[in-house]
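Novice: What follows is a predicted structure for the sequence shown.
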Amino acid sequence: MRIVVLTGAGISAESGVPTFRDADGLWEGHHIEDVATPEAYLRQPTAVQRFYDARRAALAGVEPNPAHTALARLEDAIGDDLFLVTQNIDDLHERGGSRRVHHMHGELLKALCSNCGCRTEWTGDLVDFPPCPRCGLPELRPDVVWFGEVPYGMDVILAELEQAELFVSIGTSGAVYPAAGFVQVARRNGAATLELNLEPSEGSIFFRQARQGRAGDLVPAWVDEVLAGLIA
């Protein structure tokens, strides 16, 4: 069975990573338009760099949870028949054991050169605008897809959705496109659909099946069901 799994902020929130949008519409006390748009970066690059430097440093204080490790277990069992795509910019999937993760919104532990387009591993700060390792210009920014920018690898994601027999969404709000539309693409191509979420998302009506609860409980139980079916 070819399975596409989409994960969102909910799965990382259980590890202590702040969700992208809190109830008051702010992200870590900041308005989205002040830290997550190209216009914000052009207007106040130092402030934006500091914001993401703090998020990057905070990764050291969080650990993968049972949902992350369960998905790694599934990958171990079915290999390339699992396509894991995440909206999250942390590295918790990788630290949980997943080896093939498609970060559609970029990664905190990478930097992107605005001049030459180089994407490079990065664990330190960017606020001092260090030189790009390829072109040498001080044009490195967080390798994060901001509002108004195109997510990474949409052609790959859509191709996987078209081949999927099962699409599973975990911990997503169902409000951020294009990811919110993935369930409809999968359904049009005949895939079964399942939502695992703390509460029904804005897109729950599009799923054939939905389960509510903590990702750390729901995901390991679902993976156990899949693996039991493979053995049977």
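Specialist: Yep, it's here. Not measured: the values here are computed from a predicted model.

Novice: could I get the longest helix along the chain in PDB with only the CA atoms?
Specialist: In the chain, assigned by DSSP state H, the helix with the most residues is helix 215-231. Presented in PDB, the C-alpha positions along helix 215-231 are these (Å, rounded to 0.1, in the frame of the first residue of the first chain):
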ATOM      1  CA  ALA A 215      -0.900  12.400  18.100                       C
ATOM      2  CA  GLY A 216       1.300  10.600  20.600                       C
ATOM      3  CA  ASP A 217      -1.500   8.200  21.200                       C
ATOM      4  CA  LEU A 218      -3.300   8.000  17.900                       C
ATOM      5  CA  VAL A 219      -0.300   7.700  15.600                       C
ATOM      6  CA  PRO A 220       1.400   4.700  17.300                       C
ATOM      7  CA  ALA A 221      -2.000   2.900  17.400                       C
ATOM      8  CA  TRP A 222      -2.700   3.500  13.700                       C
ATOM      9  CA  VAL A 223       0.800   2.400  12.800                       C
ATOM     10  CA  ASP A 224       0.300  -0.800  14.800                       C
ATOM     11  CA  GLU A 225      -2.900  -1.400  12.800                       C
ATOM     12  CA  VAL A 226      -1.100  -0.900   9.500                       C
ATOM     13  CA  LEU A 227       1.700  -3.200  10.500                       C
ATOM     14  CA  ALA A 228      -0.700  -5.900  11.800                       C
ATOM     15  CA  GLY A 229      -2.500  -5.800   8.400                       C
ATOM     16  CA  LEU A 230       0.800  -6.300   6.600                       C
ATOM     17  CA  ILE A 231       1.600  -9.400   8.700                       C
END
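
Novice: lowest average confidence, helix or strand, in the chain?
Specialist: When the helices and strands of the chain are scored by mean pLDDT, DSSP states H and E, strand 26-27 comes last with a mean of 54.

Novice: Can you give the distance from the lengthiest strand in the chain to the centre of its chain?
Specialist: The residue-count maximum for a strand in the chain (DSSP state E) belongs to strand 106-113. Computed by C-alpha atoms, centre = their mean, to the nearest Å, the chain-centroid distance of strand 106-113 equals 13 Å.
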